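# I would like to see how this sequence folds:
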Amino acid sequence: MQLTHYLGFFAGLLTSGAAIPQVFQTYRTKHARDLSMWQLILLDFGMLLWLVYGISLGDLPLIVANTFSIACYTLLIGMKVRYAKRDTAAC
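Numbering: from 1, shown residues only. Down below sits the predicted model:
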């Protein structure tokens, strides 16, 4: 494996891992009122496009990182929807 692939995996690990604290925080507190639904949707869609791009290139770091990120942000979208009623009651 080339050095650039290791660099890609490390970059993917950092950027994809950035979503993990938000997923845990949202799950722990059971509210997502401070999360912007539009930002989550745009990020998810953008990462889906990066995933398609990575697949077309056969670039494993892009594929792995974006698959993980899509899973995290889709989970956040689901929690945003699930906790919406609770979030409006808390305001």
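# Could you identify the longest helix within the chain?
helix 60-82 (DSSP state H).
# Could you tell me which residues within that helix count as buried?
For helix 60-82, burial by neighbour count (16 or more other Cβ atoms under 10 Å) applies to 61-70, 72-73, 75-77, 79-80. Using the backbone N, CA and C atoms, a C-beta is placed for each residue, glycine as well.
# same thing with stretch 35-54?
Neighbour count says stretch 35-54 has 35, 40, 43, 44, 47, 48, 50, 51, 54 buried, by 16+ other Cβ under 10 Å.
# do the same with stretch 22-31
Those would be 22, 26, 31, for stretch 22-31 by 16+ other Cβ under 10 Å.
# Of these, which is the nearest to residue 8?
Using Cβ to Cβ, residue 22 comes nearest to residue 8 of the buried residues of stretch 22-31, at 22.9 Å.
# That closest one: what's it in contact with?
For residue 22, the contact set (Cβ atoms under 8 Å, 6 or more residues apart in numbering) comprises 35, 72, 76.
# Swap in 10 Å and give it another go.
32, 35, 40, 72, 73, 75, 76, 79 (Cβ atoms under 10 Å, 6 or more residues apart in numbering).
# Find me the pLDDT at it, would you?
We have a pLDDT of 92 for residue 22.
# Quickly note the distance from it to residue 61.
Between residue 22 and residue 61 the computed distance is 22 Å (Cβ to Cβ, to the nearest Å).
# Where do the helices of the protein begin and end?
Going by DSSP H, the chain shows helices at 3-17, 20-29, 37-57, 60-82, 84-90.
# ranking the ones you listed by mean pLDDT, which is last?
Among the helices of the chain, helix 84-90 scores lowest, at a mean of 73.
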